[in-house]
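[1] got a sequence here, can you build the structure:
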Amino acid sequence: MTHAGRMILRPALTLALLVAGAFLVGFHRPDAAHLVWTIGLWAIGLPLLLRTGRGVLQGRFAADLVAALAIVGAMALDQPFAGLVIVLMQTGGEALEHYAQRRATEAVRQLEAEAPRFAHVIEGPDRRVRDVETSSVAVGDLILVRPGEMVPCDGIVESGTGQLDVARLTGEPLPVRGESGLVVRSGTLVLDGALDIRVSARAEASLYAQIVELVRSAQASKAPLQRVADRYAIWFTPFTIAVALAAWAVSRDPVRLLAVLVVATPCPLILATPVAIIGGINRAARRQIIIRHGGALEALATIDAAVFDKTGTLTVGQPRVAGVQSLPPLGEQELVALAAGIEQRSGHPLARAVVAEATRRGLAIPEASDAHEVPGRGVEGLVGRSRVLIGARSLIEERYPAAAPILEQLHSGDPALRAFVTVDGQPGGSITYADALRPGAAQTIASLRRLGVVEIALLSGDRAANAAEVGRQVGIDEVQADLLPEDKVAFTRRLQASGRRVLMVGDGVNDAPALSAATVGLALAAHGASRSGGGVIAEAADVVLLVDRLDRVTEAVTIGRRTMRIAHQSIIAGLGLSIAAMLVAALGYLPPAAGALVQEAVDVAVILNALRTTMKGASGTQ
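    Predicted coordinates for the structure are as follows:
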């Protein structure tokens, strides 16, 4: 029998024996009922006692010891009904925990179940298609992905068109058009059309596999609050024994001692808390927020300061055209069209920004010929009958020294990033670039303040003027610029030394040290993983966002706070009721059988309350 089967069988068999005995009592056969309950208590309770005894020998004095003492007492005092209810309490609580873990790992199982097992590899000039296991697909292979299939490996589309569903990876409901040159990630679903994709990463190194592994590692952890609960159980046990012995000393009634032990078993403490933690991790995973361990979930609930990287975190991290200035006889539109025509022959990010700007303006981009690129400096070629050069000032000075001073005068003293354009050796104008602010950045900062994050800072390695402008736009007053990685770490540690619990949000390799140093490090891996070192920041962080949306930062904090609030509710309510029942039992008003039923009801209610962390909360998270 499987482990899951045994977990269900024990409480089911215990409940069946309790019900069978109750029927016998109803048919006026109390002796037969007593016999059935006694057999069940010894048959099912004895293995539990042996397991607890092994734990005690290994130094684990947890709350199971109280339940074991209650079972021993029930055996010794011939109270099989009360003892069997305790057995049901313990085995049923364990089964509930196992059920909660199964719910919490549903995200992993769904991800793994949906992952493609085979890929269609295209071979030879005749394009013969051979089906192989995804683990056998190598970097550089050409694969075919048909309609309705999931992309098995990261790659670049070489041919074909189709609509792509990327919701698993980005959370965005709108499809993306797949066409030649598009970078696609494993986990993307092809809705229609067929694509030939050149593989850039093996299946086990692709994004989808990383998602599965991140979710699995997050759910395999144990929260610090849970360890506190275990430590609490160590002193709760002697406290319980002291109350039980006091009740016996006053009354000289061993049954009263047993009644105290029966109601003292603190299942809410040792079961409800991990259920809440695992449920919260699962809830976050469904929102593409990977909380790598339970300690991070607890820490998220307590943060009162946040520091943000700038480039790639508060900003998109990709250049866009921020301004165009043309010189007669060229107009602005003509300058952009000519520049885009020549930039189509370059793969540089700034070149792609110019082409994107021409497309945004609805311009017809002319074809270029005889184009050649000077790496890192610019591109020159023929656009129609005109020789166009777009590049850095140094390249303009080298090729057309007379045009350089005229172009330079357009932006005297302005340090912004820009390229200059000449047409047939004459100054044509300039194109200025900037990094776009990430959508929702200002709203995220405002939301964190509403959640009680009292200190927020922007840390950047960029120039002070650029960092200050981004801070102004998003609502951050404290801006630190021109920082090295170690400076970000020092700033984070100073905040912590002042008593703050710091959330660090970043996306680049230079952020990894600060992510590790913060109380909670949060990495934007959906963007950062596409760049060099994405795996480094994911490993350094406690929380990883798999969707390129800053509002999930606030959502992660909200989920953490709600989870810990429910966990605390479970502890306080469960232990409060248990202690109250102990006092009633010590005074002789709650016999063992009734006390066992009361405690069972309390345990089930508290654990079911903890399961609320897997559901949509009042915070409005979807």
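
[2] where in the stretch 101-250 of the chain is pLDDT low?
    Scanning the stretch 101-250 of the chain for pLDDT under 70 picks out the ranges 101-112, 167-175, 207, 211-234.

[3] which parts of it are strands?
    Remark: strands assigned in the stretch 101-250 of the chain by DSSP state E, counting those that start in this stretch are 118-123, 128-133, 142-145, 155-159, 162-165, 176-178, 183-184, 189-190, 195-199.

[4] out of those, nearest to residue 481?
    Of all the strands of the stretch 101-250 of the chain, strand 183-184 sits nearest to residue 481, with 31.4 Å by CB to CB. Yep, even glycine has a C-beta here, placed from its N, CA and C like the rest.

[5] run the chain-centre distance for the closest one.
    Chain-centre distance of strand 183-184: 22 Å, with CA atoms, centre = their mean, to the nearest Å.

[6] repeat that for stretch 350-367.
    Distance, centroid of stretch 350-367 to centroid of chain: 37 Å (CA atoms, centre = their mean).

[7] mind listing what's buried along that stretch?
    Neighbour-count burial for stretch 350-367, counted by 16 or more other CB atoms under 10 Å, picks out 350-358, 363, 365-366.

[8] as a markdown table, those with pLDDT, distance to residue 484 and secondary structure would be great.
    Listed next are the buried residues of stretch 350-367 as a markdown table, based on pLDDT from 0 to 100; distance: CB to CB, whole Å; DSSP: H, G, I helix; E, B strand; the rest coil:
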| residue | pLDDT | distance to residue 484 | secondary structure |
| --- | --- | --- | --- |
| 350 | 82 | 25 | helix |
| 351 | 87 | 30 | helix |
| 352 | 86 | 29 | helix |
| 353 | 89 | 27 | helix |
| 354 | 93 | 32 | helix |
| 355 | 93 | 34 | helix |
| 356 | 91 | 32 | helix |
| 357 | 93 | 33 | helix |
| 358 | 94 | 37 | helix |
| 363 | 93 | 42 | coil |
| 365 | 92 | 41 | coil |
| 366 | 92 | 44 | coil |
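
[9] hmm, back to that, redo the strands of the stretch 101-250 of the chain as a markdown table? Include mean neighbour count.
    Converted to a markdown table, the strands of the stretch 101-250 of the chain look like this (neighbours: other CB atoms under 10 Å):
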| stretch | mean neighbour count |
| --- | --- |
| strand 118-123 | 17 |
| strand 128-133 | 11 |
| strand 142-145 | 21 |
| strand 155-159 | 18 |
| strand 162-165 | 18 |
| strand 176-178 | 17 |
| strand 183-184 | 17 |
| strand 189-190 | 21 |
| strand 195-199 | 22 |
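
[10] would you reformat the ones you listed as CSV and include distance to residue 81?
    As requested, the strands of the stretch 101-250 of the chain are exported to CSV (distance: least, CB to CB, whole Å):
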stretch, distance to residue 81
strand 118-123, 57
strand 128-133, 56
strand 142-145, 62
strand 155-159, 65
strand 162-165, 57
strand 176-178, 63
strand 183-184, 63
strand 189-190, 56
strand 195-199, 65
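
[11] what pLDDT does residue 54 get?
    In this prediction, residue 54 carries a pLDDT score of 80.

[12] what's the distance between the host helix or strand of it and the middle of its chain?
    Here residue 54 sits within helix 30-57, counting by DSSP states H and E. Distance, stretch centre to chain centre, for helix 30-57: 43 Å (CA atoms, centre = their mean).

[13] can you report how many residues lie near residue 386?
    For residue 386, the neighbour count with other CB atoms under 10 Å is 17.

[14] isn't it right up against residue 339?
    No. Under the criterion of CB atoms under 8 Å, residue 386 makes no contact with residue 339, lying 11.4 Å away.

[15] kindly export stretch 498-509 (C-alpha atoms) in PDB.
    Output in PDB follows, covering the C-alpha atoms of stretch 498-509 (Å, rounded to 0.1, in the frame of the first residue of the first chain):
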ATOM      1  CA  SER A 498      18.700  50.400  12.600                       C
ATOM      2  CA  GLY A 499      16.000  47.700  13.300                       C
ATOM      3  CA  ARG A 500      14.300  47.600   9.900                       C
ATOM      4  CA  ARG A 501      13.300  44.400   8.200                       C
ATOM      5  CA  VAL A 502      14.300  45.000   4.600                       C
ATOM      6  CA  LEU A 503      12.800  43.800   1.300                       C
ATOM      7  CA  MET A 504      15.400  44.100  -1.600                       C
ATOM      8  CA  VAL A 505      14.000  44.000  -5.100                       C
ATOM      9  CA  GLY A 506      16.400  43.500  -8.000                       C
ATOM     10  CA  ASP A 507      17.000  41.800 -11.300                       C
ATOM     11  CA  GLY A 508      20.700  41.800 -12.200                       C
ATOM     12  CA  VAL A 509      23.900  40.100 -11.200                       C
END
